[in-house]
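Q: need a 3D model of the following:
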Amino acid sequence: MPLTNQQYDAIMRGYDRRQYQNYRLQCARQDEIYKKIPRIRSLDERISSCSLAHAEQLISLQDAEPEHDRREILTGLKERLDALRQEKEALLLESGYPADYLDMHYTCPDCRDTGYVGGRKCRCFHKEEIRLLYSSSRLESVLSRENFSTLSCEVYDEEQKAHMLSVIHLCHDFADTFGDGHKSLLFYGPVGTGKTFLSNCIAKELLDRGYSVIYFTAFQFFEQFSFSGNSGPGSQEPARHEVLLQSDLLILDDIGTELANTFTVSKLFQVLNERALAGRSTIISTNLSPRDFRDIYSERVFSRITSTYTLVKFAGSDIRIRKKISRSL
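A: Numbering: from 1, shown residues only. Got it, this is the predicted structure:
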């Protein structure tokens, strides 16, 4: 599920707006300081001319002077620049402003609001990418209905209630302490016992707190690898896999409903293993029992899950069927 060209352009326009807004804010701060502390304007002018002189000296002294003479001249220029900057910072501090008040203040200091660090997408770009994919998917409307605020224990039968209260508490704790170390969950149990609903509750909580969350059904997840043979120039496979590996939380729903084979098993292990090694969290829900899960997806996949995931059992009758029956009465 990589970005379309239109979605990518929308994100980059957002960075352009961010840069322009930050530049305007810096200009406003500068105007404010120049009025309150006129001395800083003259210091900025001297810093500018000294910096220009420094650049000109670098060019003119390349071949004109012995090495030690060049170093001495350039050191003198640098010391003058440092002295001017220190005086400027001291004036700001004396007037109650931070020393960096006139610097450009970036929304993301890592990429300086460009979206890229060293030619690779910044973490803030990945978050925006996943937010955009999320907002354009069905999940946005689903989470407005399925979240902790709409969760009611009345949907459970009497047998379920006692057990599900502890499960709900575990899910609340997972969301509340998210980010305090790598945690992952395996929800397993019969169809219609609330696994997807509680996954959505966690997703809504984390999205509201600024974490990146991506959701796939089993079919959607394995569909991401359907173009794996096309990995040449222009392939979207790297971008597709970035979404799977970079999100703070990956939710894989209904694992076991797809047609499992050697290919799907290997891809599942690859993603789960890479996310575990990177310290990123995953929630898997399945209608399979742990034993059936192991038999279908291999001992290697099951070992990776049992060693790093909390296994959460769901039990009871199908909530959706009971609701339909009650409405018909």
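Q: what segments of this protein are strands?
A: 116-117, 120-121, 184-188, 213-217, 249-255, 281-286, 309-313 (DSSP state E).
Q: just send these back as a markdown table, with distance to residue 41, mean neighbour count and mean pLDDT too.
A: C-beta: built from backbone N, CA, C; applies to glycine. Output for these, formatted as a markdown table (distance: least, C-beta to C-beta, whole Å; neighbours: other C-beta atoms under 10 Å; pLDDT from 0 to 100):
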| stretch | distance to residue 41 | mean neighbour count | mean pLDDT |
| --- | --- | --- | --- |
| strand 116-117 | 34 | 14 | 94 |
| strand 120-121 | 39 | 14 | 88 |
| strand 184-188 | 56 | 23 | 96 |
| strand 213-217 | 48 | 21 | 87 |
| strand 249-255 | 49 | 23 | 93 |
| strand 281-286 | 51 | 24 | 96 |
| strand 309-313 | 60 | 15 | 95 |
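Q: same list (those) but as TSV, adding distance to residue 45.
A: Conversion of these to TSV gives the following (distance: least, C-beta to C-beta, whole Å):
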stretch	distance to residue 45
strand 116-117	33
strand 120-121	38
strand 184-188	57
strand 213-217	50
strand 249-255	51
strand 281-286	52
strand 309-313	62
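Q: so which of the ones you listed gets nearest residue 108?
A: strand 116-117 (9.3 Å; C-beta to C-beta).
Q: what residues does that closest one touch?
A: Strand 116-117 is contacted from outside by 110, 111, 122, 125, using C-beta atoms under 8 Å, 6 or more residues apart in numbering.
Q: domain ranges for this protein?
A: Here the domain parsing of the chain from automatic domain parsing is 5-94, 137-328.
Q: rounded mean pLDDT for the first one, please.
A: What it means is domain 5-94. What domain 5-94 shows for mean pLDDT is 83.
Q: which parts of the stretch 151-300 of the chain are helices?
A: 158-176, 195-208, 218-223, 237-246, 262-277, 290-308 (DSSP state H, counting those that start in this stretch).
Q: what residues of the shortest one count as buried?
A: When neighbours are counted by 16 or more other C-beta atoms under 10 Å, the buried residues of helix 218-223 are found to be 218, 221, 222.
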